[in-house]
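Enquirer: Everything below, folded, please.
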Amino acid sequence: MKKSKQQISDAKAAIFLGLIFILIVSAITSVWNWKHFVRGTTRATVVKTERVPYGNGVSKYMVYTDKGVFENTDSWLEFKVNSADVYGAIKNDHTYDFRYYGPRWSWLSWFPNIVSVEEVKEVKAEKTDS
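Expert: Coordinates of the predicted model:
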C-alpha cells in the first residue's frame, strides 16, 4: 500500500511540530534550572537565621551573613533533603564554609541556595619568642 503525498506531508509536519515542542520544553527547562550550574564556596560569618513562610504551610530558611544572604531549601536536583538539619546546625556569630548554587537576583527574589556547610574551627597561631 503506497502512501499518498498528503499522508507523507502530514507525517513530516507532525515530526516537525514534535521537534519544535521538544526544543521549547528543553529551552524552558534549561532556563529555569540553569542556576544549578552556577556554583561557589564562600567563607562567611552568620549574622542571623530566619524561617520565612510563603504560603500553604511551606517555608524556607534564610541565612544572613557578612557576605550576603543565602536560602536553605531542599532540592531534588541536588539530592538535598536535609535543609531542616542544616538550618538547625547553623549558629549565629559562627563562621562557616558555605557551598551553594545559584546567583542572587533581587528582581526575581532568588538567593544562592546552600548545599552544605562546614564550620570553620580557627586555630589561633601561638606567639613564639625569638
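
Enquirer: how far away is Gln6 from Tyr61?
Expert: With distances taken as C-beta to C-beta, to the nearest Å, Gln6 is found 59 Å from Tyr61. Using the backbone N, CA and C atoms, a C-beta is placed for each residue, glycine as well.

Enquirer: of the two, who's got more company?
Expert: Neighbours per residue, other C-beta atoms under 10 Å: of Gln6 and Tyr61, the larger number sits with Tyr61, 20 against 8.

Enquirer: for the more buried one, what are its contacts?
Expert: Under the criterion of C-beta atoms under 8 Å, 6 or more residues apart in numbering, the neighbours of Tyr61 are Thr49, Glu50, Arg51, Val52, Glu71, Asn72, Thr73, Ser83, Ala84, Val86, Tyr87.

Enquirer: any idea how far Ala11 is from it?
Expert: With distances defined as C-beta to C-beta, the gap from Tyr61 to Ala11 amounts to 52 Å.

Enquirer: I am assuming Pro53 contacts Met62, so please confirm or correct that.
Expert: No: in this structure, Pro53 is not within contact of Met62 by C-beta atoms under 8 Å, at 11.3 Å.

Enquirer: Show me what the longest strand that the chain contains packs onto, helices and strands only.
Expert: Counting residues, the longest strand in the chain under DSSP state E turns out to be strand 39-53. If contacts are counted by 3 or more C-beta pairs under 8 Å, 6 or more residues apart in numbering; DSSP states H and E, strand 39-53 sits against strand 59-65, strand 95-101.

Enquirer: List the strands paired with the first one, with their directions.
Expert: When sheet partners are counted by DSSP bridges, strand 59-65 sits next to strand 39-53 (antiparallel), strand 68-72 (antiparallel).

Enquirer: Return the set of buried residues in the longest one.
Expert: I take that to be strand 39-53. Along strand 39-53, the positions that meet the burial threshold by neighbour count (16 or more other C-beta atoms under 10 Å) are Ala44, Val46, Thr49.

Enquirer: Would you mind listing the outside residues contacting it?
Expert: Among residues not part of strand 39-53, those counted as contacts by C-beta under 8 Å, 6+ apart are 59-68, 87, 90-101, 112, 120.

Enquirer: Buried subset of those residues, written for PyMOL?
Expert: For selection in PyMOL, the members of those meeting the burial criterion (16+ other C-beta under 10 Å) are listed in this command:
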select buried, resi 60+61+62+63+65+87+90+96+98+100+101+112
